[in-house]
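*Asks:* model this:
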Amino acid sequence: MGFFPNEHRPRAFWCGIASSPNLADLAADIDRALVPLGVEAETRPFTPHLTLARFKSDEGIREVVHAATDMKSTDFGAATETNFHLYESLLKSTGAQYNRLASFPLVGGSTAQAH
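*Replies:* Next up is the predicted model:
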């Protein structure tokens, strides 16, 4: 578990996942497909994660950081995914709104281990 950009100025709380190689391949394929559309390719290494929360203010953040520190090596189990869903994220004053745009099957599934 961690925070973006870091635990001293957290704006998002995330949980890392250990994934099968085809998840990194999917991310690279998405990058390659977006470049011709004018979206710059990601230069940072692919780091599979789940965003758990976003913070609008500093209220209560220290408690979350403290609790997350105690759970850094917690194993949350495994799941095998069979579909990839493309979402649009709209950041609004009331919070993020996520709209599913499309779904695609993952050939052979993609196993992810949350930690």
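*Asks:* which stretches of this protein have low pLDDT?
*Replies:* 108-115 (pLDDT under 70).
*Asks:* residues near the residue lying closest to residue 72 once chain neighbours are set aside, how many?
*Replies:* In space, and not counting its chain neighbours, residue 72 is closest to residue 1: 5.7 Å by Cβ to Cβ, 6 or more residues apart in numbering. To be clear about C-beta, it is placed using only N, CA and C from the backbone, and glycine gets the same treatment. By other Cβ atoms under 10 Å, the residues close to residue 1 number 23.
*Asks:* tell me the contacts of residue 1?
*Replies:* Residue 1 makes contacts with 13-16, 52, 68, 71-72, 74, as judged by Cβ atoms under 8 Å, 6 or more residues apart in numbering.
*Asks:* switch the cut-off to 7 Å
*Replies:* Contact analysis of residue 1 by Cβ atoms under 7 Å, 6 or more residues apart in numbering lists 14-15, 68, 71-72.
*Asks:* what's the distance between it and residue 55?
*Replies:* 14 Å (Cβ to Cβ, to the nearest Å).
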